[in-house]
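Peer 1: Fold the following.
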Amino acid sequence: MGDLVYEPPRDGPTLWEIGIPDRSAAEFYIPDPNSIFINKLFVNHPDRFRQYGLWERYTELYPENDLVYTVGESDYKKDWFFAHVTRKKENSYQGTTWQIKFKLDDVSTNGTYKLRVAIAAVTFAELQIRINNPNTNRPLFSTGLIGRDNAIARHGIHGLYWLYNVDIPGKLLSHGDNIMYLTQPRSASPFQGIMYDYIRLEGSSVEL
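Peer 2: Predicted structure coming up:
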């Protein structure tokens with residue numbers, strides 16, 4: 001048998017990317033644990049995600065409004081929470097919608113842009129994607145209910161890998177400012193959520 005060469009999927013030039021494609025969410029922001037639950041074995045340890053209750057820190061950091069990431073300004077090591085989880089509201093939980101803000105200097109309205117979403121772990125969750133309008137009844141894309149690896153609850157940083165390739169019609173994008181909405185609507189428990197591995201938007205192969 002000769003050499004096996006893997007060619008990663010690509011349809012166009014990279015417009016922006018978030019994360020490192022290594023099937024893990026370890027590069028993203030992992031908060032300090034609640035001092036009540038701290039495990040001293042993992043203080044100043046590379047596996048800082050192995051602390052109890054880190055999912056609850058999302059509500060503390062974003063009590064009302066969800067995470068907003070601005071391409072070219074934000075730093076995924078500091079501004080992208082390691083897990084897209086629910087928000088606790090009194091005795092219940094609610095789904096959350098993250099925003100990715102980005103600018104496009106030129107838009108091929110007749111072309112198709114490609115969004116690559118690699119997921120490092122997911123548990124009884126759903127990812128819905130909308131472009132420039134968070135209130136559309138039907139999202140541009142939905143994974144449906146997926147995942148049962150329970151990485152969030154077991155203090156992990158990766159589980160079963162998922163890769164989605166989403167076509168974005170150029171007519172949905174705008175010259176200048178754009179917003180991508182990532183919604184995780186399932187909210188029966190604090191452990192329903194998504195750990196992203198890597199997100200990349202590729203430009204259209206159609207000339208302007």
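
Peer 1: Leu140: what's it in contact with?
Peer 2: Going by CB atoms under 8 Å, 6 or more residues apart in numbering, Leu140 touches Ile129, Arg130, Ile131, Val166, Ile168, Leu172. No exception for glycine: its C-beta is placed from N, CA and C like everyone else's.

Peer 1: With secondary structure, distance to Leu115 and neighbour count added, can I get those in TSV?
Peer 2: As requested, the contacts of Leu140 are exported to TSV (DSSP: H, G, I helix; E, B strand; the rest coil; distance: CB to CB, whole Å; neighbours: other CB atoms under 10 Å):
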residue	secondary structure	distance to Leu115	neighbour count
Ile129	strand	7	19
Arg130	strand	12	20
Ile131	strand	9	22
Val166	strand	4	16
Ile168	strand	6	21
Leu172	helix	11	15
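
Peer 1: now the strands: where do they sit in this protein?
Peer 2: Assigned by DSSP state E, the chain shows strands spanning 14-19, 68-70, 87-89, 92-94, 96-104, 112-125, 128-131, 141-142, 146-148, 162-169, 176-184, 193-202.

Peer 1: tell me the contacts of the closest residue in space to Ile100 that isn't next to it in sequence?
Peer 2: Nearest residue to Ile100, sequence neighbours excluded (CB to CB, 6 or more residues apart in numbering): Met180, at 4.3 Å. By CB under 8 Å, 6+ apart, Met180 lies in contact with Gln99, Ile100, Phe102, Leu115, Ile129, Arg130, Ile131, Leu201.

Peer 1: Just list whatever residues bridge to the last one.
Peer 2: Beta-bridge pairing of Leu201, defined through DSSP bridges, involves Trp16, Leu115.

Peer 1: repeat for the second one
Peer 2: Here Ile100 sits in beta bridges with Tyr69, Met180, as judged by DSSP bridges.

Peer 1: Count the neighbours of it for me.
Peer 2: Here the number of neighbours of Ile100 (other CB atoms under 10 Å) works out to 22.

Peer 1: Likewise for the last one?
Peer 2: The number of residues packed around Leu201, counting by other CB under 10 Å, is 25.

Peer 1: What separation do you get for Glu3 and Pro21?
Peer 2: Let me fix one detail, which is that residue 3 is Asp and not Glu. Asp3 sits 21 Å away from Pro21, taking CB to CB, to the nearest Å as the criterion.
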